[in-house]
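Trainee: Give me the fold of what follows.
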Amino acid sequence: MGLCGSSSGGPSNAYFDEYVNTLPSMKGKVVAITGCTSGTGRIFARVCAKNGAKIVMLNRASERADDAFQFIKGVAFKAQAPAPVFIPCDLTSFKSVRAAGEHLAKDFSGLGLDVLCNNAGLAGVEDKATEDGCDIQMQTNHLSHFMLTAYCMPLLEKAASLRGEARIVNHSSLSRVMELGPMWDNTLQEKYLEKNGGKLGGSSGRMLQGGDFERYQQSKLANVVFTYALNDRLQAKGSKVKALVAHPGAAPTQGIPNMMSGGGGKDVVMLPQCAWTLVAHMMMQSQEDATIGILRSGCDPAAKSGEFYGPLGLGGGTGKPDASENRGPHGVLKEEPFASAEARALLWTASEKTIGTRFAL
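Mentor: This is a model prediction of the structure:
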C-alpha cells in the first residue's frame with residue numbers, strides 16, 4: 001500500500017495492459033491474498049484468477065468482502081478457473097489470523113500454496129491499540145502478516161515441492177522512508193513492534209506528519225525488513241520458496257478515505273473532489289499500474305527471491321524520500337539501506353515475542 005487518494009477521476013493505465021499480456025498461465029496454482037476487497041489486492045486477485053489460479057481471499061467479513069468475492073467468482077467462472085474461496089481474516093486480531101492460518105492448513109495441505117500475497121494495510125490512522133495491545137498499523141501491516149506467513153510456510157514448501165517454487169509477496173510503500181522532522185531518522189525501532197499500542201506518539205491529524213505517519217513509516221519499513229530477513233533464512237536452508245517485496249507508488253485507491261476515517265489527514269479532509277482529481281493526475285498512477293509490483297513479485301517467472309519491485313524513481317537505496325517513485329516504469333530497486341542485518345535480527349526477535357509464536361524455518 002502506498003499513498004492513495006480518492007478512487008474516482010484517476011489517471012489511465014500507462015504500463016499495466018501491456019505488462020499483464022506477458023504473464024504466464026497460473027493454472028494449477030493456489031494464490032492467497034490479504035486485503036483484496038478493493039485496490040491493488042482486488043486487481044491482483046483478478047489477474048491471477050483470469051490466468052487460471054485458484055484464489056483464496058483473506059479479508060475481514062463485510063459487505064465489501066462479499067462483493068469482492070462475487071466479483072472474483074465471476075472472473076474465475078469466465079476464465080474456467082477454479083472457484084475462489086473466502087476465509088475470514090481480521091488482521092487487527094491475532095486470534096482471527098490464527099484461525100485463518102489453521103483453516104488454510106486444513107484445506108490446502110494437499111495442494112499447498114503457491115503465492116501468499118501480504119497486501120493489506122492501513123495508513124496514517126490514530127494512535128490506537130488492537131485487542132492484542134499492539135499499534136493498529138503495525139499489527140495490520142506487519143505483525144499479523146508475520147504470523148500468517150509462519151502458518152503458511154508448510155503450505156508454501158508443499159507447493160514448491162510439487163511445482164518447483166512458491167512465493168511470499170509483501171507490500172511496502174514509498175513511505176518506508178519519510179521526512180518527519182529533524183529528530184526522525186527512519187531506522188527501525190523495537191518499541192513499535194511491541195505491545196505499546198496507544199502509547200506511540202499520539203495522533204497529529206495532519207497529512208504526512210506526526211505520530212500517525214511515524215507509525216506508518218515503521219510498519220512499511222518492517223515489510224521490507226521482513227522480506228530480506230525471510231530471504232536470508234530461506235536461502236540458507238536451500239528452500240525453493242521465494243520472498244519478494246514491492247511498493248505501489250502513489251495511486252487513487254481507498255487508502256486516503258480510510259486514513260481520514262481512521263483519524264489521519266484531518267487537515268485536508270475538506271478538500272473538494274476536483275482537488276483530489278488534480279492531485280491524482282499530477283502525482284499518481286492508475287490502480288492497475290500500481291499493482292505491477294506485486295504482479296511481478298507473485299507471477300513473473302524471472303523474479304528472484306529478495307528482489308524489491310516498484311516504480312523506479314532514483315532506483316532505491318538512497319536512504320531518502322523519493323517523490324519520483326510515485327509513478328513511472330517499474331523495475332528492481334536497489335537494496336533498502338534501512339533494512340540492515342541489525343534491523344532484520346531485531347524485527348525477527350521482536351515479532352516472534354509479540355505474536356507469541358516461534359517462526360521456525
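Trainee: quick one: low-confidence parts of this protein?
Mentor: 1-9, 207, 253-282 (pLDDT under 70).
Trainee: Tell me where the longest helix sits in it.
Mentor: As assigned by DSSP state H, the longest helix anywhere in the chain is helix 210-236.
Trainee: What residues of that helix count as buried?
Mentor: 210-234 (16 or more other C-beta atoms under 10 Å). To be clear about C-beta, it is placed using only N, CA and C from the backbone, and glycine gets the same treatment.
Trainee: part of a helix, is S305?
Mentor: No: counting by DSSP: H, G, I helix; E, B strand; the rest coil, S305 falls outside a helix, being coil.
Trainee: which residues does it contact?
Mentor: 231, 234-235, 241-244 (C-beta atoms under 8 Å, 6 or more residues apart in numbering).
Trainee: In CSV, list those residues along with distance to A81.
Mentor: Listed next are the contacts of S305 as CSV, based on distance: C-beta to C-beta, whole Å:
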residue, distance to A81
N231, 30
L234, 28
Q235, 32
V241, 23
K242, 23
A243, 26
L244, 23
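Trainee: Between all of these, which two are separated the most?
Mentor: Across the contacts of S305, no pair lies farther apart than Q235 and L244, at 12.8 Å, counting by C-beta to C-beta.
Trainee: and for those two, which residues touch both?
Mentor: 305-306.
Trainee: From L58, how far out is K106?
Mentor: Distance of K106 to L58, given as C-beta to C-beta, to the nearest Å: 15 Å.
Trainee: Actually, S161.
Mentor: Taken as C-beta to C-beta, the span from S161 to L58 is 23 Å.
Trainee: Looking at the two, which is more packed in?
Mentor: L58 (30 against 13; other C-beta atoms under 10 Å).
Trainee: Okay, the closest residue to the more buried one other than its chain neighbours and K353: tell me how far apart.
Mentor: For L58, ignoring the flanking residues on the chain, the nearest one in space by C-beta to C-beta, 6 or more residues apart in numbering is C89 at 4.0 Å. Counting by C-beta to C-beta, the separation of C89 from K353 is 22 Å.
Trainee: Pick out whichever of those two has more residues nearby.
Mentor: More neighbours surround C89 than the other of C89 and K353, with 27 against 14 (other C-beta under 10 Å).
Trainee: ok, that one - contacts?
Mentor: Per C-beta under 8 Å, 6+ apart, neighbours of C89: 34, 58-60, 96-97, 100, 148.
Trainee: Mind checking which of the residues you listed are in strands?
Mentor: 34, 58-59 (DSSP state E).
Trainee: Out of those, which is nearest to G249?
Mentor: For those, the nearest to G249 is T34 (19.8 Å; C-beta to C-beta).
Trainee: for the nearest residue to the closest one once chain neighbours are set aside, what are its contacts?
Mentor: Closest residue in space to T34, ignoring its immediate chain neighbours: A120 at 4.0 Å, by C-beta to C-beta, 6+ apart. Residues near A120 by C-beta under 8 Å, 6+ apart: 1, 34-36, 41, 58-59, 91, 140-141, 145.
Trainee: if we go to 6 Å?
Mentor: 34-35, 91 (C-beta atoms under 6 Å, 6 or more residues apart in numbering).
Trainee: That one should be in a helix, yeah?
Mentor: No: A120 is assigned coil when assessed by three-state DSSP, not a helix.
Trainee: how close does it get to K199?
Mentor: Counting by C-beta to C-beta, the gap from A120 to K199 is 24 Å.
Trainee: ok, back up a step: with distance to F16 as extra columns, can I get the contacts of C89 in TSV?
Mentor: Listed next are the contacts of C89 as TSV, based on distance: C-beta to C-beta, whole Å:
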residue	distance to F16
T34	21
L58	23
N59	23
R60	27
S96	32
V97	31
A100	29
L148	27
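Trainee: Pull out the buried residues from these.
Mentor: Buried among these by 16+ other C-beta under 10 Å: 34, 58-60, 96-97, 100, 148.
Trainee: Can you give me the neighbour number for the residue lying closest to G331 once chain neighbours are set aside?
Mentor: In space, and not counting its chain neighbours, G331 is closest to L312: 4.7 Å by C-beta to C-beta, 6+ apart. Using other C-beta under 10 Å, the number of residues around L312 comes to 18.
Trainee: from memory L312 sits against K334, does it?
Mentor: No: contact criterion C-beta atoms under 6 Å: L312 and K334 do not qualify, at 9.7 Å.
Trainee: contacting residues around A49?
Mentor: Contacts of A49 (C-beta under 6 Å, 6+ apart): 55, 72, 75-76, 81.
Trainee: switch the cut-off to 10 Å
Mentor: By C-beta atoms under 10 Å, 6 or more residues apart in numbering, A49 lies in contact with 26, 31, 55, 71-79, 81-84.
Trainee: what do you get for A343?
Mentor: So A343 contacts 187-189, 221-222, 224-226, 228-229, 336-337 (C-beta under 10 Å, 6+ apart).
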